[in-house]
Every structure is written in structure tokens, then in C-alpha cells.
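# Predicted model, plus sequence, below.
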Amino acid sequence: MSNLKKYKVDAAFKDCSVTLEVDHDKLTTERAREHLRFWSGAEAMIDDEDRDAVRAAIRDFGVNAMYHMLGDLGASFSGGYQAERWSKELREMEGYGGEDGTPHGWIGIRVLAADAESPGWDDCELEESAQ
């Protein structure tokens, strides 16, 4: 039986979040460090999570999920096809280890839900700026 836990990664700048499920039997400290070392700034990310590489890898996955969802004009879902699609798409990106025939892929993370909507007309205001 897998050691599954849920996490929510929130963006402070607006109501934007992603809920992840992590298989901690797969996402070990060693695997998290291997993943993070693929990117520049790995030690800073680990430092930001009190030297916990696993938490840093989870946060990294969530941040990148929101980044790509917003770049795709946003996403809002809870489970279903969209959760599976985003999980696979993110894990197939360079540095995330790809698929391995399990719901959590090599990295041990899958997306359960997201609320990452791009701003719309009603979210924005126009103000004249001082010269």
C-alpha cells in the first residue's frame, strides 16, 4: 500500500491553487534532490522549505503546474479527465521523470484539482498613471 498524502500549493497573489497527491514511497528525499538538481537554484528551493527536499519538490511541481495552467488560459477542475491530463502533461516535461505506468509517474506526484484561472475583464481595472 502506498504512502499517499495530499498537499495544496497556493499563490499569494490571487486565488490560485493546485491540489496534489504525493506517493511518498516514490518521492523520497533522494529522488526529490535528483529532480531539483536538474534545475538551477535547487539549494535555494530546499532552503525555502527548511532543508526539506521533498517539500521543495512538491512545491516546485505545484508552482510549475499553476504556471503552465495560467499560460494555457487557466484551468479549474476537481478530478476527472483534466486532472489526469494535467498530471501526465506536467510529468512528461523535462526534469519530471515522465510516466512509469502508475498514477503518480516517476516523480510520485499527480494533480487532483486546480483553480488557476487567468484574469478576465472583471478582474482588471484601468487607471491613468501619473507622468
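In hand now; what should we look at?
# Excluding chain neighbours, what is closest to the residue nearest in space to the middle of the chain?
For the chain, the residue nearest the mean C-alpha position is residue 62 (1.6 Å; CA atoms, centre = their mean). In space, residue 62 comes closest to residue 9 once its chain neighbours are excluded; the distance is 2.8 Å by CB to CB, 6 or more residues apart in numbering. All C-beta atoms are positioned from the backbone trio N, CA, C, and that covers glycine.
# For the one you found, grab the count of nearby residues.
Residue 9: 19 surrounding residues under other CB atoms under 10 Å.
# Just to be sure, it is in a strand?
Yes: according to DSSP: H, G, I helix; E, B strand; the rest coil, residue 9 belongs to a strand.
# Kindly state the beta-bridge partners for it.
Bridge pairing for residue 9 (DSSP bridges) gives the partners residue 18.
# Quick one: residues contacting residue 103.
Residue 103 sits next to 87, 110 when contact means CB atoms under 8 Å, 6 or more residues apart in numbering.
# A helix includes it, no?
No: according to three-state DSSP, residue 103 belongs to no helix; its state is coil.
# Now do it against residue 127, distance only.
Residue 103 sits 47 Å away from residue 127, going by CB to CB, to the nearest Å.
# for residue 108, same thing?
45 Å.
# Compare those two (neighbour count), which wins?
Legend: neighbour count by other CB under 10 Å for residue 108 and residue 127, higher for residue 108 (29 against 5).
# Quick check, the more buried one in contact with residue 29.
No: checked against CB atoms under 8 Å, the pair residue 108 and residue 29 is beyond contact range at 11.8 Å.
# Now residue 20: which helix or strand?
Under the criterion of DSSP states H and E, residue 20 resides in strand 16-23.
# Just give me the longest helix of the protein.
Across the chain, the longest stretch assigned as helix under DSSP state H is helix 53-71.
# now it against strand 16-23, angle please.
Angle, helix 53-71 to strand 16-23, by axes from the mean of the first three to the mean of the last three CA atoms, to 10 degrees: 140 degrees.
# Buried residues of helix 53-71, list them for me.
Neighbour-count burial for helix 53-71 flags 53-62, 64-66, 69-70 (criterion: 16 or more other CB atoms under 10 Å).
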